[in-house]
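In: Can you look at this prediction? I've put the sequence above it.
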Amino acid sequence: MDPYGGGGSWTMIPSVPTHSNLVENLADAIDNGTRDQHSDALVNELNNHFEKCQQLLNSIGASINTKAMTVEGQKKKLEESEQLLNQRRDLIANYRSSVEDLVKTEP
């Protein structure tokens with residue numbers, strides 16, 4: 001479940017132990033000075049994990065920006081509605097004042 005309320009899932013996130021094991025295995029291969037198909041596969045898998053993490057971060061960033069724009073749009077609409085409400089109140093007050101003046105001037 002997505003804790004940010006975006007409705008997504010966290011299945012794209014590589015598990016920490018898997019990522020950690022990849023790094024440890026790669027470190028062991030480097031320490032031993034052996035570069036073989038296994039170490040190349042570890043590097044490729046680590047790159048794949050990194051790319052998935054990068055995609056997830058980009059997705060989260062885009063979602064945050066979208067939500068921020070939505071909030072800004074709602075704030076702007078609220079401000080416009082408040083301005084219209086205040087204009088309406090002023091017009092009603094002027095109308096009331098005009099009616100009262102008319103009533104006062106009648107004999």
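Out: Here it is on my side, so go on.
In: got the residue ranges for the helices in the protein?
Out: With helices called from DSSP state H, the chain shows them at 16-32, 37-105.
In: Could you tell me how many residues sit around residue 23?
Out: Other residues lying near residue 23 total 13 when counted by other CB atoms under 10 Å. Quick note: C-beta positions are derived from backbone N, CA and C, even for glycine.
In: rewinding a little: between the helices of the chain, which gets the lowest average pLDDT?
Out: Of all the helices of the chain, mean pLDDT reaches its minimum on helix 16-32 (a mean of 71).
In: who does it touch, helix- and strand-wise?
Out: helix 37-105 (3 or more CB pairs under 8 Å, 6 or more residues apart in numbering; DSSP states H and E).
In: Next one: the most centrally placed residue in the chain relative to residue 97, how far apart?
Out: Centroid-nearest residue in the chain, with CA atoms, centre = their mean: residue 64, separated by 1.1 Å. Separation of residue 64 from residue 97 (CB to CB, to the nearest Å): 49 Å.
In: Could you do residue 39 as well?
Out: Applying CB to CB, the value for residue 39 to residue 97 is 86 Å.
In: Look at those two and report which has more neighbours.
Out: residue 39 (16 against 10).
In: Skipping its backbone neighbours, what lies nearest the more buried one in space?
Out: residue 29 (3.9 Å; CB to CB, 6 or more residues apart in numbering).
In: which residues touch the one you found?
Out: 35-36, 38-39, 42 (CB atoms under 8 Å, 6 or more residues apart in numbering).
In: Now list the buried members of the residues you listed.
Out: The neighbour count (16 or more other CB atoms under 10 Å) marks 39, 42 as buried among these.
In: Which single one of the contacts of residue 29 is nearest to residue 20?
Out: Set against residue 20, the nearest of the contacts of residue 29 by CB to CB is residue 42 (12.5 Å).
In: List the residues that contact that closest one.
Out: 22, 25-26, 29.
In: just curious, which of the residues you listed is nearest to residue 53?
Out: Closest to residue 53 out of those is residue 22 (12.3 Å), distances taken as CB to CB.
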